[in-house]
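Undergrad: Prediction below, plus the sequence it came from.
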Amino acid sequence: MDKFTSTSTTKPERPSYTMNSTYPQVQQALTHHAAANVISTPAANKELVVFGNSLGEVEALNIRNDEKKNGDLKQGSDLFFSCDQWK
């Protein structure tokens, strides 16, 4: 991809999705539209996926149906974290 400049007149190159046909057995497991950018590495177990966003919120979702779990934590500023292992 070429470097973007504000004076560029060329159409930006879009991502290729050819990888999807290379691994047809791989399927989407969860889709969620968050209120803000997800800026942390999600942590997951067999029931939940937990992540922080750029609004300082920690969200927990049911991994099977994308249902938001109660008890969100709001810090009020960007929340960065990464989990090595969560059981």
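TA: Received, thanks.
Undergrad: For residue 17, give its distance to residue 23.
TA: Applying CB to CB, to the nearest Å, the value for residue 17 to residue 23 is 12 Å. C-betas here are computed from N, CA, C, even on glycine.
Undergrad: now residue 55
TA: 34 Å.
Undergrad: ok, these two, which is more surrounded?
TA: Shown here are residue 55 and residue 23; by other CB atoms under 10 Å, residue 55 has more neighbours (17 against 8).
Undergrad: And the more buried one, what's its pLDDT?
TA: pLDDT for residue 55: 82.
Undergrad: Please verify my assumption that it contacts residue 36.
TA: Yes: Residue 55 is within contact range of residue 36, at 4.3 Å (criterion: CB atoms under 8 Å).
Undergrad: end to end, how far does stretch 12-24 reach?
TA: One end of stretch 12-24 sits 27 Å from the other (CA to CA, to the nearest Å).
Undergrad: Would you mark the buried spots in it?
TA: Residues of stretch 12-24 include none that count as buried (16 or more other CB atoms under 10 Å).
Undergrad: ranges for the strands of this structure?
TA: Listed in chain order, the strands of the chain (DSSP state E) span 43-44, 48-52, 57-62, 73-74.
Undergrad: of all the ones you listed, which lies closest to residue 11?
TA: Closest to residue 11 of those is strand 48-52 (CB to CB; 32.6 Å).
Undergrad: other SSEs contacting that closest one?
TA: Applying 3 or more CB pairs under 8 Å, 6 or more residues apart in numbering; DSSP states H and E, we find strand 48-52 packed against strand 43-44, strand 57-62.
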